[in-house]
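Peer 1: coords please:
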Amino acid sequence: MNKNEFIAAVADSKALAKLDLSKANVAIIVDAVLDTVEGVLKRGEEVRLVGFGNFYVAKRAASKGRNPRTGEAISIKASRLPKFRAGKQLKETVNGAKK
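Peer 2: Model (predicted):
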């Protein structure tokens, strides 16, 4: 599912039917949510959505590596990686557990 399909699915959800939101409005909301998550992660903080999961930043230490084409040794800089850990409810839903 790509972003446009996701927006269409959210716009068609029963939970939002009462609000009568257009796909354009839902797109604005989805973009705002994603921008907020990005901003929080950029600051190095976590986003905890109980039952769904946690978005967090993991630190990767600097390391040595090799260029696969030339075999030359290279140094890989330290970096921060966005990660997601699924919550219990999401895991159960995906695995078909009954609510």
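Peer 1: going forward, measure contacts and count neighbours with C-alpha atoms only.
Peer 2: Fine.
Peer 1: from what I can see E45 touches Y56, true?
Peer 2: Yes. The criterion here is CA atoms under 8 Å, and E45 meets it with Y56 at 6.7 Å.
Peer 1: of the two, which one has the most company?
Peer 2: Neighbours of E45 and Y56, each counted by other CA atoms under 10 Å, are more numerous for Y56; the result is 20 against 14.
Peer 1: would that one count as being in a strand?
Peer 2: Yes. Assessed with DSSP: H, G, I helix; E, B strand; the rest coil, Y56 lies in a strand.
Peer 1: quick one: contacts for it?
Peer 2: 41, 44-47, 82-84 (CA atoms under 8 Å, 6 or more residues apart in numbering).
Peer 1: now with 7 Å?
Peer 2: With contact set as CA atoms under 7 Å, 6 or more residues apart in numbering, Y56 has these partners: 41, 45-47, 82-84.
Peer 1: in strands, which of these appear?
Peer 2: 47, 82-84 (DSSP state E).
Peer 1: closest one of the residues you listed to D35?
Peer 2: Nearest to D35, judged by CA to CA, of these is V47 at 12.2 Å.
Peer 1: ok, now which ones touch that closest one?
Peer 2: 37, 54-56.
Peer 1: ok, of those residues, which one's closest to I74?
Peer 2: Using CA to CA, the contacts of V47 come closest to I74 at Y56, 28.1 Å.
Peer 1: mind checking how far the closest one is from G44?
Peer 2: Y56 sits 8 Å away from G44, going by CA to CA, to the nearest Å.
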